[in-house]
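>>> Just need the structure, nothing else, for what follows:
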Amino acid sequence: MTSDLQSDNAAELPDWPEPGSPAEELGGAPRRGEDAPGTATTDGEAQFEGEAEAWPEAAPFETPWRRRMRRGWERGRVWYRTSGTPQPDPRAPLRDRLVPPFYPEFFRGAGWILPLAITVIGGVLRFWNLVWPNSVIFDETYYAKDAWSMWIYGWEHGWDPASNGSVANGKLVGPGTFGHSGVADFSCSSGCQEFVAHPPFGKWVIGAGEQVWGLNPVGWRLMEAVLGTLAIFIIARVARRMFRSTLMGCIAGLLFSFDGLAFVMARTALLDGIQMFFILGGFAALLVDRDKTRAKFADWREEHAVTALLAMKERGPKLGFRPWRWIAGLSLGLATATKWNGIFFVAVFAILTVLWDRGARRAIGVRKPSMSTLIRDVPWAFLALPVTAAFVFVASYAGWFFNTGNGGGYNRFWASSHPSNFWPTWTNPFRSLWNYVDQQYGFNSNLQTPHPYQSNPWSWFVMGRPVAFYYEAPKTGQQGCTPSMGTCSAEVLALGNPLLWWFATGAILFLFWRWIGRRDWRAAAILAGIAAGVGPWLWYAQRTIFSFYAVAFLPFMVLGATMAIGAILGRADASPTRRVWGAAVSGTLVIGVVALFAYFYPIYTGQTIPYTDWSNHMWLPSWI
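Model (predicted):
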């Protein structure tokens, strides 16, 4: 039997993972029970032998534009063609369509054990020789000192630029009247407040490591390494949940572990790696919420014995408290409280989760799913995501609010000198914060100071202009430079794994095809994450920006590459030759990513190598 099945429910219902595509492991289709015969059809929906679930007639849904766009497929029915005659295809049970089962595990507990093993490997790489370079590199000159002062004063303190030479040994020179520019750009008569361009939470995180390990390179990089390691485990579990396959989860974990940008950012005290962790955490929580709420929809339909469309005024179940969506709001709020552009992820993911709810309501037979979602889901989604994120953002300034000694933090008492006839006095701290945040936004949106490593956002996808965090040319006898090496170089280059990034960039076209052509929700979710990450910088492309900002949407590039690798691997019912070639190409891609990471490892970690060797690693002139 030949099938060219295509379901018009694919936009809202989870596509049945294509065997071998991002989900097949042991050569068989997923089973919730032992006696569920069937194969996977072309669009990922399950095709079962046996009786189909009762479903309403298609007539109420028929519209000319849909018939034309979907080539005659009717909503509420799926068809396959045999000898040119359309026939109804039995549907999988609703529960399996709302929450597809996972493919068989390699062994009991593999879904936890294998991602954990990959996390350990990636963690060892990230923590190994974390002290090197044993100095302040790139923007650590700001965050190492700001983070330390957060735990002492509750707000960012101004330090003398001379501290850069001594901070690695735990010594800071100050107090002083110095901002990020390194010059006296504001007065500090009663304290030493410093204007900073970003919210405080990321510096609280960096400072936590300094409280544990001290004011030294390991101290200010410690939490970066911890979060960078945990991100490996989270993305492996995210991929497993999206593609219902432990194999695909492990592939995603490996790709992320051996990406150079993720690796370097996990070993450098900057804010972007921290923000990436909480963005990924928020997305993971929304995926869990999606599965759990869809299971509730299936339970509700079974309890009500629904076999046809619901009554016109029936809106489906009230979902009640959804803890995972509130966790997502908390996590995304922390991402926004680390860097301002996190707000775009809040907005995009809020829309995404509401669309998922609409799809689930339509799947159980709600006649007006959009109106039902607007009434039942949108208000709670608004509270759980944007409102919670805003509350977390304000709460991250707790130290600024309550630690008012020594003059308080920058702009803390601005409202006192700018009274308002409208706002009561008790709102002064919030008015001062609003003014401060407005200044931060103005700084970030208008920063146009030329920098040798600035780049255009479009170039990030192909690693057009990576940023050198550290570069030295050691003399003979210094830092391991031997006479046999000749001229030596040591560099930390924030360069993504070229094979991974170039393949993932090409896979974006595949994702668009899966989203538009197959209405695959997974492709849409991945593209949404990429758009939320790069979109703000396209809008502000005129300002000074850097390629390492791309780490915020790196997890979604990895998920896109994983989905494409699964498609290359092929279907379980493909011919043996097709499967062998698919496995060979997929395996070569993954091995190639690991091999390239090993090749670039010296310039990820600042190792001293011959200059000629360093030059050979500079594949593009723009990398220098």
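>>> Please tell me the pLDDT value assigned to Ser181.
pLDDT recorded at Ser181 is 38.
>>> Repeat that for Trp521.
The model reports Trp521 with a pLDDT of 94.
>>> quick check, Ser489 in a strand?
Yes - assessed with DSSP: H, G, I helix; E, B strand; the rest coil, Ser489 lies in a strand.
>>> OK, contacts around the closest residue to it other than its chain neighbours?
Of all residues not flanking Ser489 in the chain, Trp614 sits nearest, at 3.9 Å (C-beta to C-beta, 6 or more residues apart in numbering). The C-beta positions use only the backbone N, C-alpha and C, and glycine is treated the same way. For Trp614, the contacting residues are 489, 491, 602-603, by C-beta atoms under 8 Å, 6 or more residues apart in numbering.
>>> Between all of those residues, which two are separated the most?
The largest separation in the contacts of Trp614, counting by C-beta to C-beta, is between Ser489 and Pro602 at 9.4 Å.
>>> Give me the more crowded residue out of the two.
Shown here are Ser489 and Pro602; by other C-beta atoms under 10 Å, Ser489 has more neighbours (23 against 18).
>>> so how far is Tyr471 from the more buried one?
Plainly put, Ser489 is 7 Å away from Tyr471 if you go by C-beta to C-beta, to the nearest Å.
>>> repeat for Val378
Distance from Val378 to Tyr471, counting by C-beta to C-beta: 51 Å.
>>> same deal with Gly333?
37 Å.
>>> Just give the number of residues close to Gln542.
So Gln542, with other C-beta under 10 Å, has 10 neighbours.
>>> and it, which of the three is it?
Gln542 - assigned by three-state DSSP - is coil.
>>> OK, contacts around it?
With C-beta under 8 Å, 6+ apart, Gln542 has these contacts: Gln448.
>>> One more pass at 10 Å, please.
Contact analysis of Gln542 by C-beta atoms under 10 Å, 6 or more residues apart in numbering lists 445-448.
>>> returning to that earlier point: list residues touching both of Ser489 and Tyr471?
With C-beta under 10 Å, 6+ apart as the test, Ser489 and Tyr471 both reach 603, 606, 614.
>>> quick one: which of the residues you listed sit in helices?
Among the shared contacts of Ser489 and Tyr471, DSSP state H puts 603, 614 in helices.
>>> Nearest to Ser432, out of the shared contacts of Ser489 and Tyr471: which one, please.
Distances from Ser432 to these, taken by C-beta to C-beta, are shortest for Gly606, at 41.6 Å.
>>> Looking at Gly333 and Tyr471, which is more packed in?
Shown here are Gly333 and Tyr471; by other C-beta under 10 Å, Gly333 has more neighbours (28 against 16).
>>> For that one, grab phi and psi.
Main-chain dihedrals, Gly333, degrees, to the nearest 10: phi -60, psi -40.
>>> show me what contacts it?
Listed by C-beta under 10 Å, 6+ apart, the contact set of Gly333 reads 201, 278, 282, 342-343, 346, 385-396.
>>> and if you look at Met371?
So Met371 contacts 315, 358, 361 (C-beta under 10 Å, 6+ apart).
>>> now do Ala337
Taking C-beta under 10 Å, 6+ apart as the test, what Ala337 contacts is 198-202, 204, 275, 278, 389-390, 392-397.
>>> And Trp423, by the same measure?
Listed by C-beta under 10 Å, 6+ apart, the contact set of Trp423 reads 415, 430-431.
>>> change it to 8 Å
Arg431.
>>> got it, and Leu332?
Leu332 sits next to 278-279, 282, 342, 345-346, 349, 385, 389 when contact means C-beta under 8 Å, 6+ apart.
>>> measure it to Leu247 for me?
With C-beta to C-beta as the criterion, Leu332 and Leu247 are 29 Å apart.
>>> ok so, going back, ok, of the contacts of Ala337, which come out buried?
198-202, 204, 275, 278, 389-390, 392-394, 396-397 (16 or more other C-beta atoms under 10 Å).
>>> Got the confidence number for the residue nearest to Val387 when sequence neighbours are not counted?
Spatially, and ignoring its direct neighbours in sequence, Val387 is nearest to Gly329 (7.6 Å; C-beta to C-beta, 6+ apart). Gly329 is assigned a predicted lDDT (pLDDT) of 97.
>>> what ranges do the strands span in the stretch 51-200 of the chain?
Listed in chain order, the strands of the stretch 51-200 of the chain (DSSP state E, counting those that start in this stretch) span 79-82, 85-88.
>>> Compare those strands and say which comes out lowest on pLDDT.
Confidence, taken as mean pLDDT, is least for strand 79-82 of the strands of the stretch 51-200 of the chain (a mean of 31).
>>> all helices of the stretch 451-600 of the chain, in order?
457-460, 498-512, 518, 521-539, 554-569, 576-605 (DSSP state H, counting those that start in this stretch).
>>> ranking those by burial, who's on top?
With neighbours defined as mean count of other C-beta atoms under 10 Å, the helices of the stretch 451-600 of the chain peak in mean count at helix 554-569, which reaches a mean of 27.
>>> Tell me the helices and strands packed up against it.
Under the contact definition 3 or more C-beta pairs under 8 Å, 6 or more residues apart in numbering; DSSP states H and E, helix 554-569 sits against helix 217-243, helix 246-257, helix 271-303, helix 498-512, helix 521-539, helix 576-605.
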